[in-house]
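Visitor: Predicted model and sequence follow; I will ask about them next.
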Amino acid sequence: MSFKPYLLATGTLACLLPILSVAQNISPQQTEATKLDAIIVTATRSAQTLRSTIGDNTVVNREALDQTPDSTLAEVLGRQHAITFVNYGGPQTLSTINIRGTNSKQSLVLIDGVRTNSGSSGLPALNAMPINSIDRIEIVRGASSSLYGADAIGGVVNIITRKPGDKQPFKAFANMGVGTYSSSEYDAGFSGSHNGLSYSLYGGYGQSAGFDATTNKNYYANPDTDSYYRSNIGGQIGMAWQTGQTLTLSTYQSRSNAGLDFGTPYFNDRGIQTLSNTTLTSSNQINKIWLSTFTASILTDQYENKITPTGNFSGTETYKTDQTQYVWQNNFKLSETQQFSLAYERLNQKITGQFSDYDYVSPSNVGYQNDEVFTNAFVGVYQGEWGPHAVQLSARNDANSQFGNFATGSIGYAYQFTSQWRANVGFNTGFRAPNFDELYWPSTADYLGNPNLQPEKSKNIEVGLQYTHQSGQLGLTAYQNEISNLILNQPSQPGSYTYQPFNIGNATLKGLTFNGNQYITKHTQIVGSFDWLSPINDDTNELLPLRAQRVLRMAAEHTWGEALFGLEWYLSSARREVFSKNNMGGYGLLNASLAYKVSKNATVQVRWNNLLGKEYNLVENYNTPGSNVFVNLALSY
């Protein structure tokens with residue numbers, strides 16, 4: 001792709017600077033100050049306003065999610081700066097994210113603070129988290145292992161499910177939508193609180209005839225359409241049994257049955273993903289300065305492949321993670337501007353699996369060599385402010401039954417020059433623990449685990465500058481993340497076709513992110529970001545695969561009476577393929593949307609994705625959606 005569109009885009013973003021100077025007196029309905037007052041927990045493990053955090057953090061609220069009822073979680077994340085996503089042939093297939101150039105195993109995804117990265121593959125089940133279940137998404141960019149332990153090299157995404165607000169009256173919602181590929185989406189729910197009792201219940205169902213996941217050049221090609229259907233239900237009930245004393249039980253259940261292609265002999269290949277999480281939380285205000293919170297959670301992540309039975313192989317592959325997590329956290333408010341938090345975590349993961357050994361003559365079912373690992377961790381976090389100065393310190397030690405102790409730390413500093421200008425600098429370390437596939441995969445025709453693997457390690461440094469006023473914001477962040485001990489697959493012996501993972505790699509991720517938003521009139525807002533990334537394998541001096549070096553996002557919204565018009569422009573540079581090392585060409589997408597409020601409680605929404613019908617690939621020889629339209633009726637009470 002020519003570099004000219006990026007020069008044009010950068011110039012467009014730069015034009016926001018003079019616009020900011022003349023638009024400061026505009027008073028939009030939701031000012032930038034209001035957005036920065038949004039509460040975020042993930043950045044420090046305790047509630048604070050977004051404006052007071054140190055680093056590049058984001059909160060995607062329910063209002064923003066409501067504007068794209070047909071989107072997947074991966075697509076929503078891909079609209080945020082410094083994050084890209086990949087899927088393997090449609091929204092129902094495996095989806096992964098890259099935060100600041102790290103891979104999906106190096107980025108931690110939580111549901112209500114509970115880790116969801118699979119114990120077997122290390123990947124989060126993004127396709128099992130429909131956005132109808134989400135209240136908000138909290139994003140922390142940069143290594144965060146000193147807060148959350150393993151797998152947080154690139155950052156943390158915390159999915160906060162729907163919950164009632166404090167003293168919230170009864171509310172209800174429903175959505176009914178249809179679209180291209182015979183797609184349909186339905187969801188509904190309600191929530192409220194009264195006399196100390198809070199409650200919520202929500203659920204959804206979606207299906208689509210889909211499109212062919214693979215091109216005819218794909219080794220696993222099957223010339224069919226790959227349909228999917230999914231369902232989810234969740235809720236919460238809580239009781240404030242005394243002032244400052246609450247007990248809450250929440251649950252989240254999701255299932256997706258999706259078509260995929262597994263080559264010849266042709267079969268109705270399916271991938272079935274289930275995700276279940278139940279959490280009990282006790283929050284207790286011991287005294288004026290001490291808040292104690294205990295959380296116990298049980299999570300099950302199961303993925304099944306149903307493919308052609310062959311030889312002694314049944315045709316069903318199962319990968320299941322049973323996880324229990326206990327967290328006891330104590331927050332001590334030392335003063336109005338200083339707080340210290342101390343937490344203990346216990347994580348147990350048990351893996352069960354039955355899958356093919358892929359023997360070329362007579363394949364059989366096999367399982368893991370080891371099936372359980374546990375981690376005990378202690379973490380401390382300090383936050384302090386003195387006038388224009390702000391500091392955040394954190395340290396953590398993870399004692400893992402497989403690889404022993406691993407300590408991480410973080411220091412962040414911010415200085416408020418004026419009410420509008422703020423700068424920050426941070427240094428943090430991180431690590432990724434090897435997953436069960438990498439450690440304990442049995443000897444098969446093409447792969448063998450390595451129980452001697454050690455964690456990947458990272459050192460991240462970043463600096464940032466933010467300018468904020470009533471109707472707009474600009475941010476600039478530069479970062480460098482050095483990752484060592486990378487786990488890479490190599491022949492188990494010279495000349496062997498069986499691959500095995502080893503700690504032999506090093507990589508350096510350098511990047512620059514420019515993001516901003518501005519109300520240019522009372523009813524018109526422009527949002528944009530530009531990411532430049534240098535993802536280099538230090539051993540080969542080659543680009544890491546599936547990472548775009550340049551990504552531009554531009555969006556505009558205009559309110560006219562009861563109508564809201566939206567336009568999005570997404571530009572990505574070329575990316576290197578995983579195996580062939582070919583370059584997949586850059587691409588641009590144009591999306592449009594319209595929402596019209598027909599009454600106080602009803603809104604009709606129309607969204608047209610890939611308006612110009614661009615053909616492109618996120619992974620070589622896997623298809624992506626063409627031009628598609630979705631129409632939704634949103635009801636609220």
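Guide: Yep, that arrived.

Visitor: quick one: residue 74 is in a helix?
Guide: Yes - secondary structure of residue 74 (DSSP: H, G, I helix; E, B strand; the rest coil): part of a helix.

Visitor: Share the number of residues neighbouring it, please.
Guide: 22 (other CB atoms under 10 Å). All C-beta spots, glycine's among them, are computed from the backbone N, C-alpha and C.

Visitor: what helices or strands is the helix or strand that contains residue 241 leaning on?
Guide: Per DSSP states H and E: residue 241 is located in strand 226-242. Counting contacts by 3 or more CB pairs under 8 Å, 6 or more residues apart in numbering; DSSP states H and E, strand 226-242 is packed against strand 197-211, strand 245-259.

Visitor: which parts of that strand are buried?
Guide: The neighbour-count check on strand 226-242 (16 or more other CB atoms under 10 Å) flags 226-236, 238, 240 as buried.

Visitor: relative to strand 197-211, how tilted is it?
Guide: Interaxial angle, strand 226-242 versus strand 197-211 (axes from the mean of the first three to the mean of the last three CA atoms, to 10 degrees): 170 degrees.

Visitor: between strand 226-242 and strand 245-259, how big is the angle?
Guide: Using the same axes, to 10 degrees: strand 226-242 against strand 245-259 is 180 degrees.

Visitor: What is the distance between strand 226-242 and the centre of its chain?
Guide: 19 Å (CA atoms, centre = their mean, to the nearest Å).

Visitor: quick one: strands adjacent to it?
Guide: Strand 226-242 pairs in its sheet with strand 197-211 (antiparallel), strand 245-259 (antiparallel), by DSSP bridges.

Visitor: element containing the closest residue to residue 257 other than its chain neighbours?
Guide: Distances taken as CB to CB, 6 or more residues apart in numbering place residue 272 nearest to residue 257, at 5.1 Å, with adjacent residues excluded. In the assignment (DSSP H and E), residue 272 maps to strand 270-285.

Visitor: Output the contacting helices and strands for that strand.
Guide: So strand 270-285, by 3+ CB pairs under 8 Å, 6+ apart, packs with strand 245-259, strand 290-306.

Visitor: List the buried residues for it?
Guide: 270, 271, 273, 274, 275, 276, 277, 278, 279, 281, 283, 285.

Visitor: Show me where the chain dips below the pLDDT cut-off.
Guide: Applying pLDDT under 70 to the chain flags the ranges 1-36, 360-362, 364.

Visitor: Can you give me the distance of the most centrally placed residue in it to residue 484?
Guide: Taking CA atoms, centre = their mean, the centroid of the chain lies closest to residue 157, which sits 4.6 Å from it. Residue 157 sits 24 Å away from residue 484, going by CB to CB, to the nearest Å.

Visitor: same check, this time on residue 393
Guide: On the measure of CB to CB, residue 393 and residue 484 end up 24 Å apart.

Visitor: go on, residue 337?
Guide: 37 Å.

Visitor: Ok, residue 200 next?
Guide: Residue 200 is 44 Å from residue 484, by CB to CB.

Visitor: Just want to know which of those two has more residues nearby.
Guide: Neighbours per residue (other CB under 10 Å) separate residue 200 from residue 484, with residue 200 holding more: 23 against 14.

Visitor: thinking again about what came up before, and residue 375, which of the strands paired with strand 226-242 is closest to it?
Guide: Among the strands paired with strand 226-242, the nearest to residue 375 by CB to CB is strand 245-259 (22.5 Å).

Visitor: Would you tell me which strand is longest in this structure?
Guide: Counting residues, the longest strand found in the chain (DSSP state E) is strand 499-521.

Visitor: and the helix or strand encompassing residue 59, what does it pack onto?
Guide: Residue 59 is located in strand 57-60, with elements delineated by DSSP H and E. Applying 3+ CB pairs under 8 Å, 6+ apart, we find strand 57-60 packed against strand 39-40, strand 134-141.

Visitor: got the helices and strands packed on strand 226-242 as a markdown table, with distance to residue 430 columns?
Guide: A markdown table is the format used below for the helices and strands packed on strand 226-242 (distance: least, CB to CB, whole Å):
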| stretch | distance to residue 430 |
| --- | --- |
| strand 197-211 | 34 |
| strand 245-259 | 27 |
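
Visitor: Nearest to residue 610, out of these?
Guide: Per CB to CB, nearest to residue 610 of the helices and strands packed on strand 226-242: strand 197-211, 12.3 Å.

Visitor: Okay, buried residues for the closest one please.
Guide: Counting neighbours by 16+ other CB under 10 Å, strand 197-211 gives 198-208, 210-211 as buried.

Visitor: cool, stretch 367-374 as well?
Guide: In stretch 367-374, counting by 16+ other CB under 10 Å, buried: 368, 373.

Visitor: Same question for stretch 427-436.
Guide: Counting neighbours by 16+ other CB under 10 Å, the buried set in stretch 427-436 is 428, 429, 430, 431, 432, 433, 434, 435, 436.

Visitor: and residue 96, what are its bridge partners?
Guide: Beta-bridge partners for residue 96, by DSSP bridges, are residue 86.

Visitor: Relative to residue 277, how far out is it?
Guide: Counting by CB to CB - residue 96 and residue 277 are separated by 20 Å.

Visitor: Residue 446 too?
Guide: 33 Å.

Visitor: okay but residue 133 is in contact with residue 161, surely?
Guide: Yes - with contact defined as CB atoms under 8 Å, residue 133 and residue 161 form a contacting pair (5.5 Å).

Visitor: Residues that sit against both of these two, list them.
Guide: Common neighbours of residue 133 and residue 161, using CB atoms under 8 Å, 6 or more residues apart in numbering, are 234, 252.

Visitor: wait, residue 105 sits on residue 117?
Guide: Yes - between residue 105 and residue 117 there is a contact at 7.3 Å, judged by CB under 8 Å.

Visitor: between the two, what contacts are shared?
Guide: 123, 151.

Visitor: Same drill for the two, tell me which one is more crowded.
Guide: In this view residue 105 and residue 117 are compared by other CB under 10 Å, and residue 117 has more residues nearby, 27 against 23.

Visitor: Once you drop chain neighbours, what's closest to residue 506?
Guide: Residue 506's closest residue in space is residue 538 (CB to CB, 6+ apart), at 4.2 Å.

Visitor: contacting residues around stretch 625-637?
Guide: Counting by CB under 8 Å, 6+ apart, 66, 69-70, 90-91, 170-181, 183, 185, 211, 601-613, 615 sit against stretch 625-637.

Visitor: That one: which residues count as buried?
Guide: 628, 629, 630, 631, 632, 634.

Visitor: Skipping adjacent residues, who's closest to the second one in space?
Guide: What that stands for is residue 629. Excluding the flanking residues, the one nearest residue 629 by CB to CB, 6+ apart is residue 608, at 5.1 Å.

Visitor: can you pull the contacts of that neighbour?
Guide: Neighbours of residue 608 in contact, by CB under 8 Å, 6+ apart: 591, 592, 593, 627, 628, 629.

Visitor: what helix or strand is it on?
Guide: strand 602-609.

Visitor: Any buried residues in that strand, and which?
Guide: Buried-residue list, strand 602-609, by 16+ other CB under 10 Å: 603, 605, 607, 608, 609.

Visitor: the helices in this structure, which residues?
Guide: 4-14, 16-22, 32-36, 62-66, 73-78, 145-148, 436-440 (DSSP state H).

Visitor: pretty sure the residue nearest to residue 257 is touching residue 316, no?
Guide: No - counting by CB under 8 Å, residue 272 sits too far from residue 316 to count as a contact (9.6 Å).

Visitor: quick one: common contacting residues for these two?
Guide: 304, 306.

Visitor: Identify the farthest-apart pair in the contacts of residue 608.
Guide: Maximum distance among these (CB to CB): 14.1 Å, for 593 and 627.

Visitor: Show me the strands in the stretch 401-550 of the chain, by range?
Guide: 404-416, 421-432, 456-469, 472-491, 499-521, 524-537, 542-543, 550-560 (DSSP state E, counting those that start in this stretch).

Visitor: just how off-centre is the third one within its chain?
Guide: This means strand 456-469. The chain centre lies 18 Å from the centre of strand 456-469; the measure is CA atoms, centre = their mean.
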